[in-house]
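A.B. asks: Whatever this is, show me its structure:
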Amino acid sequence: MASLAPANESILTADAITDALRDLILNGELGIGVQLKQQALAERFGVSRIPVREALKRLEAEGLLEHRPHQGSIVSSQSVQELIESLDIRIALEARALRLAIPLMQPSDHRAAQKILERYEDSDSPQEWADLNLEFHLTLYRPCGRAKLLKMIEDSVRGIGRHLRAMQSYKVGRKTPQTEHQLILQACMDQDIALAVDLLEKHIEHTQAALQS
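C.D. replies: From the prediction side, this is the model:
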């Protein structure tokens, strides 16, 4: 696990360890089924086991790790049915956030979302599509001002993101999500809450359908 951190890295916090491990899981360097041992990680990061334990708990909450008896923390896998159920949860959380956010949106929020879509259009990387997709949606939801709700959405998206990239990116590609994003943004700009929420729900449902095709 030499890539986890430079040998001369200064003492890291649980936040930094969480971010480092998350990146390694999401980019595939730590694959599904890999066992993460607290003591080995503590030695690598040059910290006690306390911040490592906290980081592993956070990644379990995000769905990136699962705890197995006698094995400890394992990079998790999800079945198609589990992914579909996770997307059902996303629909509920994100529809609520968008409904609350639209009346509070400013032109600057619309411009920020449009700039993200322009970057999305110029990218050929499924990894970057996933990152920009999350940032686009969070940009629309942040005006709702519900910090816990936003964190739940972000954790949910990150927790299933790597599975969706592997199972869905090449089925859906970039064009369909990009078109749907533009329609959602336009409905937000028009302050049409009902239409925006309906488009958002269908947007996520299309991902569910792609997983089953």
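
A.B. asks: lowest confidence element among the helices and strands of this structure?
C.D. replies: helix 147-172 (a mean of 74; mean pLDDT, DSSP states H and E).

A.B. asks: Let me see the backbone angles for residue 76.
C.D. replies: phi -80, psi 160 (degrees, to the nearest 10).

A.B. asks: all strands for the chain, in order.
C.D. replies: 35-36, 65-68, 72-75 (DSSP state E).

A.B. asks: TSV for these, including mean pLDDT?
C.D. replies: As requested, the strands of the chain are exported to TSV (pLDDT from 0 to 100):
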stretch	mean pLDDT
strand 35-36	94
strand 65-68	89
strand 72-75	90
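
A.B. asks: Output the ones you listed as TSV; include the columns distance to residue 202.
C.D. replies: (C-beta placed from N, C-alpha, C; glycine too.) Below are the strands of the chain laid out as TSV (distance: least, C-beta to C-beta, whole Å):
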stretch	distance to residue 202
strand 35-36	38
strand 65-68	31
strand 72-75	32
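
A.B. asks: could these go into a markdown table alongside distance to residue 107 and mean neighbour count?
C.D. replies: Shown next, in a markdown table, are those (distance: least, C-beta to C-beta, whole Å; neighbours: other C-beta atoms under 10 Å):
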| stretch | distance to residue 107 | mean neighbour count |
| --- | --- | --- |
| strand 35-36 | 45 | 17 |
| strand 65-68 | 40 | 16 |
| strand 72-75 | 42 | 18 |
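
A.B. asks: Nearest approach to residue 108 belongs to which of those?
C.D. replies: strand 65-68 (36.8 Å; C-beta to C-beta).

A.B. asks: Residue ranges in this structure under the pLDDT threshold?
C.D. replies: Residue ranges of the chain with pLDDT under 70: 1-11, 27, 162-163, 165-175.

A.B. asks: Would you point out which residue is most central in it?
C.D. replies: The centre of the chain sits closest to residue 158, judged by C-alpha atoms, centre = their mean, with a distance of 2.3 Å.

A.B. asks: Against residue 86, how distant is it?
C.D. replies: From residue 158 across to residue 86, the span is 11 Å (C-beta to C-beta, to the nearest Å).

A.B. asks: measure stretch 101-109 end to end?
C.D. replies: This stretch, stretch 101-109, spans 10 Å end to end (C-alpha to C-alpha, to the nearest Å).

A.B. asks: Perfect, that will be all.
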